[in-house]
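S.K.: here is the input, now give the coordinates:
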Amino acid sequence: MDISFSTIAQGTFVRITVDTVPVQENTKRISRVATLDGGCVISNNGITDSDRTFKFTARQVPEDVRLSLWAFFQNETLVLLSCPEGVFSGHIEKVKIKDTDVDVSFLVYEKLTLD
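M.R.: As a prediction, the model looks like this:
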């Protein structure tokens, strides 16, 4: 599966073929507080795309792509991610490069495409 990262300001673009398919996963904004009578109160504030984190693994990534991705990680604040689920703006939280293998963690700010 191909994914791509791009910058908003400079229009720089990096495409990576990833080995892991992101799991369609999210969590609700739920909190539980114990009450004095032994029960609890649960507040459910729903679901938002901004609670999501995408994690990708790619193997045998060319050096120019690894360097570009590292530059995105170090220098860009807001990055666009394009993947089969849509286009998202957000931040690259973590990049791990070992030899030619790359692991990326991307925190979603918002989804830019409709479902």
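S.K.: just the helices in this protein please.
M.R.: 63-75 (DSSP state H).
S.K.: tell me how many other residues crowd Phe106.
M.R.: 23 (other Cβ atoms under 10 Å). For every residue, glycine as well, the C-beta is placed using N, CA and C.
S.K.: again with Arg15
M.R.: Counted with other Cβ under 10 Å, Arg15 comes out at 12.
S.K.: got the contact list for the closest residue to it other than its chain neighbours?
M.R.: Once flanking residues are discounted, Arg15 sits nearest to Ser4: 4.5 Å by Cβ to Cβ, 6 or more residues apart in numbering. Ser4 makes contact with 13-16, 81-82, according to Cβ atoms under 8 Å, 6 or more residues apart in numbering.
S.K.: could you do Ser31 as well?
M.R.: With Cβ under 8 Å, 6+ apart, Ser31 has these contacts: 42-43, 45.
S.K.: 6 Å instead, please
M.R.: Ser43 (Cβ atoms under 6 Å, 6 or more residues apart in numbering).
S.K.: just give me the longest strand of the protein.
M.R.: Longest strand in the chain, counting residues (DSSP state E): strand 86-98.
S.K.: show the pLDDT at the nearest residue to Leu80 once chain neighbours are set aside.
M.R.: With Cβ to Cβ, 6+ apart as the criterion, Leu80 has its nearest non-adjacent residue at 4.7 Å, and that residue is Ser6. Here, the pLDDT recorded for Ser6 equals 79.
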